[in-house]
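S.K.: Provided below are the primary sequence and the corresponding predicted coordinates.
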Amino acid sequence: YGNYRMKKDYNRYCHSLLRIEEVPFLFVFVCRPSALSNISRHNYTMEEIEQNVQRPVVKELCRLMRLRNEYKAFDGEILLSDLPDEQLEITRRSGDCEAVLCADLVTKAFSITCKDAAYNYEGV
C-alpha cells in the first residue's frame with residue numbers, strides 16, 4: 001500500500017507540474033526550479049524561453065500537452081485494442097468525448113483522432 005500511495009502522490013505531483021494555462025512549457029520549469037532536481041538541467045533565461053518556444057518541436061509538444069490537459073476524453077476510461085505487436089491503439093473516453101491514438105511502432109507514425117476535429121493530431 002505504501003508504494004502505491006507514494007506512486008499515486010508522485011504521479012499527481014508530476015501531473016500538476018505539467019499543467020499548461022496560457023504559459024509555455026519551458027516557463028513552467030523555470031518558474032518552479034525547486035520542484036525539480038537541477039542536476040544536469042539548464043536553467044533557461046526569459047530570452048532563451050522566448051526563442052525556444054518558437055522551435056517547431058516545442059510548438060508541437062505544447063500542442064500535445066494542451067490536447068492532453070484540455071480535451072475531456074482524458075478524464076475518463078482507457079481502452080487498449082488487441083493488435084499485432086507493431087501496432088498500438090489506445091482509446092480515451094469520457095462521456096461523449098473520445099480520443100483514439102493509432103500508432104505504427106515500426107514507422108513511428110501516429111495520429112490522434114478526436115470526436116471534436118479541432119483536437120485531431122498527426123505526427124511522425
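M.R.: Cool, got the structure. Numbering: from 1, shown residues only.
S.K.: just the helices in this structure please.
M.R.: Here the chain has its helices, by DSSP state H, at 2-17, 25-31, 46-52, 56-70.
S.K.: state the mean pLDDT of the third one.
M.R.: What helix 46-52 shows for mean pLDDT is 87.
S.K.: same question, the first one
M.R.: Along helix 2-17, the predicted confidence averages to a pLDDT of 48.
S.K.: and for stretch 85-92?
M.R.: Across stretch 85-92, the average pLDDT comes to 94.
S.K.: next: stretch 107-124.
M.R.: In this model, stretch 107-124 carries a mean pLDDT of 83.
S.K.: how about that stretch: buried residues?
M.R.: Across stretch 107-124, burial judged by 16 or more other C-beta atoms under 10 Å covers 112, 114, 119. Every residue, glycine included, has its C-beta placed from N, CA and C.
S.K.: please list the residues outside it that contact it.
M.R.: 60, 63-64, 67, 70-71, 73, 96-104 (C-beta atoms under 8 Å, 6 or more residues apart in numbering).
S.K.: can you check stretch 80-87 too?
M.R.: Contacting residues not belonging to stretch 80-87 are listed as 89-91, 102-106 [C-beta under 8 Å, 6+ apart].
S.K.: what subset of those is buried?
M.R.: Neighbour counting by 16+ other C-beta under 10 Å classes 91, 102-103 among these as buried.
S.K.: tell me the one of these nearest Val53?
M.R.: Comparing these against Val53 with C-beta to C-beta places Ala103 closest, at 26.1 Å.
S.K.: the closest residue to the closest one other than its chain neighbours and Val100, how far apart?
M.R.: Nearest residue to Ala103, sequence neighbours excluded (C-beta to C-beta, 6 or more residues apart in numbering): Phe110, at 3.9 Å. The gap separating Phe110 from Val100 is 11 Å, by C-beta to C-beta, to the nearest Å.
S.K.: repeat for Gln51
M.R.: 35 Å.
S.K.: same question, Tyr119
M.R.: Tyr119 sits 11 Å away from Val100, taking C-beta to C-beta as the criterion.
S.K.: let's see which of the buried ones among the contacts of stretch 80-87 end up in strands.
M.R.: Judged by DSSP state E, strands contain the following of the buried ones among the contacts of stretch 80-87: 91, 102-103.
S.K.: cool, thanks, talk later.
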